[in-house]
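Engineer: Below are the sequence and a predicted model for it; my questions follow.
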Amino acid sequence: MTQHSFRYTIVGFGNVGSAVARHAAERAERLRKRYGIDLRLVGAVDSTAAAWDERGLDATALAEWRESGRKLREWPGAIRPGDANQLLERGVECVVVALPTNRETGEPGLTWARAAIAAGAHVVLADKGPALLALPELEAEAAARGLRVGASATVGSALPTLTVARREMAGGEIREIAAILNGTTNMILTLMRDEGLSFGEALSRAQAAGVAEPDPSYDVEGWDTAVKLTILSRALLDPSLSLDAVARRGIDEIPDEVAAAAAEGRGRIRLVGRARRDAEGTTLTVAPEVVAEGDPFYLVDGLLKAAKFVSDDFGELAVLGGASGRRDVAAAILKDIIEVTRP
Ligand SMILES: NC(=O)c1ccc[n+]([C@@H]2O[C@H](COP(=O)([O-])OP(=O)(O)OC[C@H]3O[C@@H](n4cnc5c(N)ncnc54)[C@H](OP(=O)(O)O)[C@@H]3O)[C@@H](O)[C@H]2O)c1
């Protein structure tokens with residue numbers, strides 16, 4: 001098979017960035033054999049410096065460097081990052097943006113994504129900030145230059161959502177989205193039900209297992225689900241929607257009637273994000289709900305996720321799976337990289 005050399009850079013070399021470097025290196029042989037892609041990591045950027053080598057960096061060594069707690073300014077030959085444009089002028093085909101999420105400004109990821117497109121590179125986002133504020137706009141900017149934007153890791157990672165709705169329901173009009181998009185809250189709800197734990201007990205258990213963050217508010221208050229729902233809704237329903245439009249309730253305040261319905265065996269509690277479009281406009285909600293047996297969401301326990309899309313031409317389509325984990329996120333990003341290389 002003819003080999004196509006494909007240079008990529010990871011901007012934001014933390015947990016996700018280093019996992020992508022490691023995973024892509026582990027899959028290098030498979031990519032060459034199956035897709036004819038000779039994938040080369042030529043740059044990695046953290047807040048201190050950039051490692052850069054046009055011939056290709058040792059991605060596994062770089063990932064180990066990061067995992068051992070070292071910064072890139074200590075990497076032999078590291079360069080001061082300067083601004084995005086200077087680095088990208090060195091030439092890359094794809095930029096993975098794995099910077100911390102800023103849901104108010106999208107920065108610094110948004111600037112990097114725009115600079116990458118302006119420099120002629122495809123963009124793969126893990127950072128939800130640029131996806132939340134500007135995914136349709138970035139996609140348009142990219143398309144005008146014959147480039148693509150991947151955003152799987154911002155909307156469910158290993159659970160395919162955006163691509164399923166767009167590709168498998170092409171030609172139809174999406175009317176409704178319902179989704180379980182946060183593995184941490186789903187795990188806490190599963191522990192509460194299976195082991196009869198209170199919310200606080202289940203949260204502590206999830207924190208001890210490294211599933212929930214020390215500050216769990218972003219997940220348990222429903223922010224993460226709201227952000228992902230907004231990204232999906234802007235891309236699939238209406239680009240004028242914003243995070244402010246989401247009526248949000250987390251699993252830290254499960255309404256009595258929901259708890260009672262679950263206790264009476266009428267179903268299982270899930271944190272569900274919903275977007276509904278009708279003649280009046282689009283309504284976005286995130287809230288704990290009781291899901292009855294027979295609904296596909298009933299089966300979604302632990303770290304699994306799920307999404308349902310309802311369209312005029314295709315009816316309802318549901319996808320289930322996509323457990324949350326470092327490997328799963330890295331695999332979703334590598335999938336996007338493979339996808340943007342396709343002719
Ligand atoms: N963790 C997940 O499972 C997951 C799943 C899907 C999406 N995401 C998203 O992926 C992104 C990265 O998450 P993470 O867990 O990898 O975060 P992280 O471990 O905190 O890594 C962030 C990286 O960005 C670097 N950085 C911060 N500010 C920078 C700047 N101004 N210029 C250059 N580099 C900068 C940091 O450098 P320093 O190390 O020098 O501070 C670090 O290397 C987030 O937006 C997150 O929401 C995460």
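Structural biologist: Arrived safely, thanks for sending.

Engineer: Helices of the stretch 151-300 of the chain, start to end?
Structural biologist: All helices of the stretch 151-300 of the chain, identified by DSSP state H, counting those that start in this stretch, fall at 162-163, 183-195, 199-208, 217-220, 223-236, 256-263.

Engineer: can the fifth one be found next to the ligand?
Structural biologist: No - for a cut-off given as Cβ under 6 Å from any ligand atom, helix 223-236 has no contacts with the ligand; the smallest distance is 8.3 Å. From N, CA and C alone the C-beta is placed, and that goes for glycine too.

Engineer: residues contacting the residue of the stretch 151-300 of the chain found nearest the ligand?
Structural biologist: With Cβ to the nearest ligand atom as the measure, residue 153 is the residue of the stretch 151-300 of the chain nearest to the ligand, at 4.5 Å. Applying Cβ atoms under 8 Å, 6 or more residues apart in numbering, one finds that residue 153 lies in contact with 16, 124-126, 329, 332-333, 336.

Engineer: how about stretch 10-30, does it get close to the ligand?
Structural biologist: Yes - among the residues of stretch 10-30, 12-17 lie within reach of the ligand under Cβ under 6 Å from any ligand atom.

Engineer: Give me the residues contacting that stretch.
Structural biologist: Contacts with stretch 10-30, where a contact means Cβ under 8 Å, 6+ apart, come from 8, 31, 39, 41, 43-46, 59-60, 62-63, 66-67, 72, 84, 95-100, 109, 112, 126-127, 153, 326-327, 329-331, 333-334, 337.

Engineer: returning to that earlier point: sort out which of the contacts of residue 153 are buried, if you could.
Structural biologist: Neighbour counting with 16 or more other Cβ atoms under 10 Å marks 16, 124-126, 329, 332-333, 336 as buried within these.

Engineer: is it possible to export those to a markdown table including pLDDT and secondary structure?
Structural biologist: Below are the buried ones among the contacts of residue 153 laid out as a markdown table (pLDDT from 0 to 100; DSSP: H, G, I helix; E, B strand; the rest coil):
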| residue | pLDDT | secondary structure |
| --- | --- | --- |
| 16 | 97 | helix |
| 124 | 98 | strand |
| 125 | 98 | strand |
| 126 | 98 | coil |
| 329 | 96 | helix |
| 332 | 97 | helix |
| 333 | 98 | helix |
| 336 | 98 | helix |
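
Engineer: From residue 9, how far off is residue 121?
Structural biologist: Taken as Cβ to Cβ, to the nearest Å, the spacing of residue 121 relative to residue 9 amounts to 8 Å.

Engineer: who's in contact with the residue in the stretch 201-343 of the chain that the ligand sits nearest to?
Structural biologist: As assessed by Cβ to the nearest ligand atom, the ligand sits closest to residue 329 within the stretch 201-343 of the chain, at 4.4 Å. Shown here is residue 329, whose contacts under the criterion Cβ under 8 Å, 6+ apart are 16, 19, 126, 153, 157-158.

Engineer: Which is the succeeding secondary structure element to the least confident helix or strand in the chain by mean pLDDT?
Structural biologist: When each helix and strand of the chain is scored by mean pLDDT, DSSP states H and E, helix 84-88 comes last, with a mean of 80. Going down the chain from helix 84-88, the next helix or strand is strand 94-97, by DSSP states H and E.

Engineer: Tabulate the buried ones among the contacts of residue 153 in TSV, adding columns for distance to residue 284.
Structural biologist: Output for these, formatted as TSV (distance: Cβ to Cβ, whole Å):
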residue	distance to residue 284
16	26
124	26
125	21
126	23
329	24
332	23
333	26
336	25
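
Engineer: Let me know the closest of those to residue 147.
Structural biologist: For the buried ones among the contacts of residue 153, the closest approach to residue 147 (Cβ to Cβ) belongs to residue 124, at 11.2 Å.

Engineer: ok, that closest one touching residue 109?
Structural biologist: No - under the criterion of Cβ atoms under 8 Å, residue 124 makes no contact with residue 109, lying 11.5 Å away.
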